[in-house]
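Colleague: Fold the following.
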Amino acid sequence: MADFKVVIVGGGLAGALLANGLRNNGVQVMVYERDRADSNREGYQIRLGPGSQAGFRACLTDDHIGKISAKLGKSSGAQATAPSLFNTNFQEIVDLTQLPTYSKSAGINRVVLRDILLEPIKKSGLIKYGKGFDHYEIITEKTGKERVKVYFSDGTDDVCDVLVGADGANSKVGVT
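Modeller: Numbering: from 1, shown residues only. Have a look, this model is predicted:
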């Protein structure tokens, strides 16, 4: 698969996880992130349940999963819980652990998770920062093979076989 390449626009949680999965399965990949490498990102806690754990197993190495697991649930002192809702007087209104259909999950700061997911991508040189997506076009090579040419706001471009937009809800990927 050395000549098959995937370009991912967006180096957040989804883009980083996908890039790891592709890389770990021998697919050539490059991630383009619009923010600078030294951007100061703010974080908030997100909760990772069974779905995210399945995604991790599919895309990450055991060592990589271990690094994430070591950061789970530190604020609550537990790794698999369900959140509770409190009123303004900090009185518990609803304990979601009492709902049998609510799957337990573990909390992690999203910036911490993003940094852990990006670590092997950065080390491999598979992410370029300051690359805002502009547009793409389908090109035909001399061999007759169709590929995707991706253009970035700084005037650079890249060519790939598959373009993935992982840059959020307002993504311009897929809009021509």
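Colleague: Summarise which helices and strands the helix or strand bottoming out on mean pLDDT in the chain is packed against.
Modeller: The helix or strand of the chain with the poorest confidence is strand 84-86; it has a mean of 79 (mean pLDDT, DSSP states H and E). Judged by 3 or more Cβ pairs under 8 Å, 6 or more residues apart in numbering; DSSP states H and E, the packing partners of strand 84-86 are strand 92-95. Heads up, the C-betas are built off the backbone N, CA and C, glycines and all.
Colleague: just how off-centre is the strand it packs on within its chain?
Modeller: Relative to the mean C-alpha coordinate of its chain, strand 92-95 is positioned 32 Å out (Cα atoms, centre = their mean, to the nearest Å).
Colleague: and if you look at stretch 114-131?
Modeller: On the basis of Cα atoms, centre = their mean, stretch 114-131 sits 11 Å off its chain's mean C-alpha point.
Colleague: Which residues belonging to it are considered buried?
Modeller: 114, 115, 116, 117, 118, 120, 121, 126, 127, 128, 131 (16 or more other Cβ atoms under 10 Å).
Colleague: tell me how far the ends of that stretch are from each other?
Modeller: One end of stretch 114-131 to the other measures 18 Å (Cα to Cα, to the nearest Å).
Colleague: ditto for stretch 123-130
Modeller: End-to-end distance (Cα to Cα), stretch 123-130: 17 Å.
Colleague: Quick one: low-confidence residue ranges for the chain.
Modeller: Along the chain, the model assigns pLDDT under 70 to residues 1-2, 74-82, 102, 175-176.
Colleague: Could you pick out the longest helix of it?
Modeller: Ranked by residue count and defined by DSSP state H, the top helix of the chain is helix 110-123.
Colleague: contacts for whichever helix or strand comes after that helix?
Modeller: For helix 110-123, the following helix or strand on the C-terminal side (DSSP states H and E) is strand 127-129. With Cβ atoms under 8 Å, 6 or more residues apart in numbering as the test, strand 127-129 has contacts from 11, 19, 30, 31, 32, 33, 35, 36, 37, 39, 118, 121.
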